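J.: give me a 3D structure for the following:
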Amino acid sequence: MKDIFSVIRRVGLPAFILILLVAEVSRSQSLGVSPYSFKAIGGVQATSEFYIQHEWIGVHYFHAWDNEKFITEEDQVITQKSSSLALSVSPLQATHFNAGMIYFKNKFPVTVGNRLHFMLSLSLPLDRFTISYKHISNGFGLIYEMNPGLDTISVQINF
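T.: Okay, here's the model as predicted:
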């Protein structure tokens, strides 16, 4: 029971701050949640995301539920980070596709990860809601040896 309350404290405060920010600025805002990441292109799973977005700028909070370990070719053990805040910009926007960058406060999603990542999303707008698939990557394996990547499906409400 003690673990549940610590999770609520960690996740609840950022979610509360995001809700207050949405209430303050009501045009071109969206509030989204991705309950659980999965392995698709990226290798990281069991990570939740809360975010607020204003047009093409976003603030994100990520929380990893597992301490998954990755092993590099040099047999180096790398663990998944537990949480991080991030800022994103998506200047390339179309009706169903966005591309940009996301900068994390800490190295994420693993201990030797990077702070700056590419971010791609495919979206399906449904009236005041949007369903999105998002992939966050540090270079799709082209720039760095370790490419843990993060794939999420989120639901957001648009104000």
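J.: name whatever forms a beta bridge with the residue nearest to residue 134 when sequence neighbours are not counted.
T.: Closest residue in space to residue 134, ignoring its immediate chain neighbours: residue 121 at 4.3 Å, by CB to CB, 6 or more residues apart in numbering. For the C-beta atoms, the positions are set from N, CA and C on the backbone; glycine is no exception. Bridge pairing for residue 121 (DSSP bridges) gives the partners residue 98, residue 134.
J.: break down this protein into its helices, ranges please.
T.: Ranges of helices within the chain are 2-24, based on DSSP state H.
J.: quick one: the strands in this protein?
T.: 29-34, 47-54, 57-64, 69-71, 77-79, 83-93, 97-108, 114-126, 129-137, 150-158 (DSSP state E).
J.: show the average pLDDT along the second one.
T.: Regarding strand 47-54, the rounded mean pLDDT is 91.
J.: pull out the buried residues from stretch 86-103.
T.: 86, 88, 90, 98, 100, 102-103 (16 or more other CB atoms under 10 Å).
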